[in-house]
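1. Kindly generate the corresponding structure for this input.
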Amino acid sequence: MKIYTKTGDKGTTALSNGERLSKASELLETYGTADELNSFVGLLWSKVCEKGHQDVAPQLLQIQSDLFKVGGIISQAPIEFQEEKVQTIENWIDQMQQELEPLKAFVLPSGTETASLAHVCRTVCRRLERRMVGLNRSEFASISQYINRLSDYFFTLARYLVKIENQTEIIYKP
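-> So this is what the prediction gives:
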């Protein structure tokens, strides 16, 4: 099977339901943002594995699988998204927070390479959320809470990675 189809050469692409849209459409921008986030999560997973953080690596692989489903839902595929996935993310956040000092100030998105990548994932995740909200589509209801919680996960993960890599969070000083 060839990777190229030539069907998008005129600036359109097909959704899962067969409908063709402009590659510049808001829906495609949203779908592309989900794909971008998934790619950054893959990069973060690679760096986490290099550092030997075996507690975090399986979580990131699960998130990547979940993001494929999110992308499918955005592209109009008839995919079910289980609400329990939100609880799983919340459990992971709670586990990491048990290891962290309470947050008393804003922290700069930095600290270590892995923490900085987690912050990149957080910001792309927030952009995905904004795009989903902007489209205001009822079929996104099943994934909107997950995406919101996922950005909280990446923020907490960034703080956790700084801690387990024995670095210090850099506090914002106005």
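2. what comes into contact with stretch 25-43?
-> The contact list for stretch 25-43, computed with Cβ atoms under 8 Å, 6 or more residues apart in numbering, reads 13, 15, 21-22, 60, 63-64, 67-68, 70-71, 74-75, 117, 120-121, 124-125, 127-128, 131-132, 134-135. C-beta here means a position set from N, CA and C on the backbone, and glycine is covered the same way.
3. just checking, E90 touches L150?
-> No. Using Cβ atoms under 8 Å, E90 makes no contact with L150, being 10.5 Å away.
4. Which residue of those two possesses the greater neighbour count?
-> Between E90 and L150, counted using other Cβ atoms under 10 Å, L150 has the larger neighbour count: 27 against 13.
5. The nearest residue to that one once chain neighbours are set aside - how many residues pack around it?
-> Among residues not flanking L150 along the chain, C125 sits closest, at 5.3 Å (Cβ to Cβ, 6 or more residues apart in numbering). Per other Cβ under 10 Å, the neighbour tally for C125 reads 27.
6. buried residues in the helix or strand in which C125 is found?
-> Assigned by DSSP states H and E, C125 belongs to helix 113-135. The neighbour-count criterion (16 or more other Cβ atoms under 10 Å) identifies 114-122, 124-129, 131-132 as the buried residues of helix 113-135.
7. What of stretch 73-88?
-> 73-76, 79, 81, 85-86, 88.
8. Please apply the same query to stretch 99-107.
-> V107.
9. what is the mean pLDDT for that stretch?
-> Averaging pLDDT along stretch 99-107 gives 89.
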